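> predicted model and sequence below, questions to follow.
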Amino acid sequence: MGESYRLEVQNLTRRLGGREIVRDLSLQVAAGQVTCLLGPSGCGKSTTLRMIAGVDRPDAGRVLVEGAEVSGPGMFVPPEARNIGLMFQDFALFPHLTVARNVGFGLPRGAARGRVEELLERVGLAGHAGKYPHELSGGEQQRVALARALAPKPRVMLMDEPFSGLDMRLRDDIRDQTLSVLKEEGTAVLLVTHEPDEAMRMADEIALMREGEIVQHGAPYTIYNNPVDRKAAAFFSDINVLRGKVEGALTETAFGTFLAPGVPDGQEVEIVIRPQHLTIDLDRAGRGPNPTESHGMPARGVVERARFMGRESLVELKMDHDGAVLRATIPSVFLPKPGTVLWLTIRRDRCFLFPVRTK
Ligand SMILES: Nc1ncnc2c1ncn2[C@@H]1O[C@H](COP(=O)(O)OP(=O)(O)OP(=O)(O)O)[C@@H](O)[C@H]1O
């Protein structure tokens, strides 16, 4: 079972300060794959990475690299013998060593030169081998750190918010470059981030983490389009929430009737919809657009606020039927004034319906 994955984590648990910081966490990463461990600050991402790296010991569970156990009950391989590369936000290059010597630092002498040249070429720094870290920009230093981490050909690479020290425009380029180098090397990568955009951009698979547990695991497309619950939906974008109660597997809203298959009578539900899946129509003598199967019934609201955001505008509408405010994003050619009466419809195929959990 373990052999087909470069990295396999089984049921890891870590208790610290009387709490379970990480609980029964399992994941696998194949060669050439990037998995992003994504979750809010404090959910246990770094603790998970530290256990995999071997700088922290799990209370339970196992870590396997290429099918071989490196951490488990009665087994603990020290970090330097795990064949795991590390890259963190505050990567420290040796200031007194040249770029080439930084990259070759962990390599046996004879092997170093060719590998260093190859890697510097690959990260686009072939001409910088003789420079010192302070002579490089932040992005260049980051690429040196990547080359250094890759130099010993680790089977697995762990990255903890590696791009967060870089300014935003630089970050996108460095991310893309890093990704292509990692793919060329065929390394299995586990990357920790709290930024959904970063995860969507980098990941083959996202493991969405909350309070020490993975709550959803899948391709970015799947996680975005089939969130497991309201919080998972809200982690990736602003959301709107409509509330309703189920009767006969249906729920009534101002936007028409929604199917709630398998949900018992009397159960409260939330219908979650992202702002880009609301459609705005002008008021025509007190009437909105005709109801359709794909968009249901229109509901009327008054613009409270509209903000120009570059490619799109964000419009906040106070709805007539319940006074709630809903948010819609629309192409920015249109920026309605506060007080404008508009009609909203929602794309039914983009709504997620979740039972409201009572504690
Ligand atoms: N040695 C410790 N003793 C007690 N609690 C700890 C210890 N180390 C970490 N924690 C707690 O464990 C929780 C998870 O920390 P961790 O750093 O793994 O989260 P994270 O998801 O990586 O967050 P961030 O993105 O902010 O780094 C936090 O609430 C933290 O305060």
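Cool, the structure landed. Residues are numbered from 1 along each chain as shown.
> contacts only, for the closest residue to the ligand within the stretch 151-300 of the chain.
With CB to the nearest ligand atom, the shortest gap between the stretch 151-300 of the chain and the ligand falls at residue 194, namely 5.1 Å. Bear in mind the C-beta positions are built from the backbone N, C-alpha and C, glycine included. By CB atoms under 8 Å, 6 or more residues apart in numbering, the contact set of residue 194 is 38, 39, 40, 41, 45, 161.
> test my guess that the fifth one contacts residue 39.
When you say that, I think you mean residue 45. Yes: Residue 45 is in contact with residue 39 according to CB atoms under 8 Å; the separation is 5.7 Å.
> where do the contact lists of the two overlap?
By CB under 8 Å, 6+ apart, the residues touching both residue 45 and residue 39 are 194, 209.
> in terms of pLDDT, where does the residue of the stretch 151-300 of the chain closest to the ligand sit?
Per-residue pLDDT puts residue 194 at 94.
> residue contacts, the residue with the largest distance to the centre of the chain?
Here the chain reaches farthest from its C-alpha mean at residue 285, the gap being 44.9 Å by CA atoms, centre = their mean. Under the criterion of CB under 8 Å, 6+ apart, residue 285 has no neighbours.
> what count of nearby residues applies to the residue nearest to residue 153 when sequence neighbours are not counted?
Spatial nearest neighbour of residue 153, chain neighbours left out: residue 185 (7.4 Å); criterion: CB to CB, 6 or more residues apart in numbering. Residues contacting residue 185 under the criterion other CB atoms under 10 Å number 17.
> right, and residue 185 touches residue 150 too?
Yes: taking CB under 8 Å as the definition, residue 185 is a contact partner of residue 150 at 5.8 Å.
> give me the contact list for the helix or strand containing residue 177.
If you go by DSSP states H and E, residue 177 is part of helix 168-185. Helix 168-185 is contacted by residues 32, 34, 122-124, 137-139, 142-143, 146, 150, 153, 157, 162-163, 166, 189, 198, 201-202 when judged by CB under 8 Å, 6+ apart.
> restricting to C-alpha, output that helix in CSV.
Taking C-alpha atoms only, helix 168-185 is exported to CSV below (Å, rounded to 0.1, in the frame of the first residue of the first chain):
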residue,chain,number,x,y,z
MET,A,168,2.6,40.1,-4.3
ARG,A,169,3.6,40.6,-7.9
LEU,A,170,6.9,38.9,-7.5
ARG,A,171,5.2,36.0,-5.7
ASP,A,172,3.1,34.9,-8.6
ASP,A,173,6.2,34.6,-10.9
ILE,A,174,8.3,32.8,-8.2
ARG,A,175,5.4,30.4,-7.5
ASP,A,176,5.1,29.4,-11.1
GLN,A,177,8.9,29.0,-11.5
THR,A,178,9.2,27.0,-8.3
LEU,A,179,6.3,24.8,-9.4
SER,A,180,7.9,24.0,-12.8
VAL,A,181,11.3,23.2,-11.2
LEU,A,182,9.6,20.9,-8.6
LYS,A,183,7.7,19.2,-11.4
GLU,A,184,10.8,18.7,-13.5
GLU,A,185,12.6,17.1,-10.5
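> next one: it to chain centre, how far?
Averaging C-alpha positions (CA atoms, centre = their mean, to the nearest Å) puts helix 168-185 16 Å from its chain's average.
> circling back: filter the contacts of helix 168-185 down to the buried ones, PyMOL style.
Burial among these is assessed by 16 or more other CB atoms under 10 Å; the matching PyMOL selection reads:
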select buried, resi 34+122+123+139+142+143+146+150+157+162+163+166+189+198+201+202
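> could you pick out which of the contacts of helix 168-185 are near the ligand?
Checked against the ligand using CB under 6 Å from any ligand atom, the contacts of helix 168-185 yield no neighbours at all.
> the contacts of helix 168-185 in strands, which ones?
Mapping those onto strands (DSSP state E) picks out 34, 157, 189.
> any chance of these in JSON lines, plus pLDDT and distance to residue 353?
JSON lines is the format used below for these (pLDDT from 0 to 100; distance: CB to CB, whole Å):
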{"residue": "34", "pLDDT": "96", "distance to residue 353": "32"}
{"residue": "157", "pLDDT": "95", "distance to residue 353": "39"}
{"residue": "189", "pLDDT": "96", "distance to residue 353": "35"}
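> buried residues in the helix or strand bottoming out on mean pLDDT in the chain?
Least confident helix or strand of the chain, by mean pLDDT, DSSP states H and E, is helix 109-122 with a mean of 82. Within helix 109-122, the residues that count as buried by 16+ other CB under 10 Å are 112, 115, 116, 119, 120, 122.
> kindly indicate which of these lies nearest the ligand.
residue 119 (28.2 Å).
> right, and that closest one touches residue 150 too?
Yes: between residue 119 and residue 150 a contact is recorded at 6.0 Å, counting by CB under 8 Å.
> report the set of residues contacting both of those two.
Joint contacts of residue 119 and residue 150 (CB under 8 Å, 6+ apart) do not exist.
> which bits of this structure sit near the ligand?
16, 17, 21, 39, 41, 42, 43, 44, 45, 46, 47, 194.
> check contacts around the fourth one.
Under the criterion of CB under 8 Å, 6+ apart, the contact partners of residue 39 comprise 45, 194, 208, 209, 210, 235.
> confidence score at it?
Residue 39 is given a pLDDT of 96.
> equivalent analysis for the second one, please.
pLDDT for residue 17: 91.
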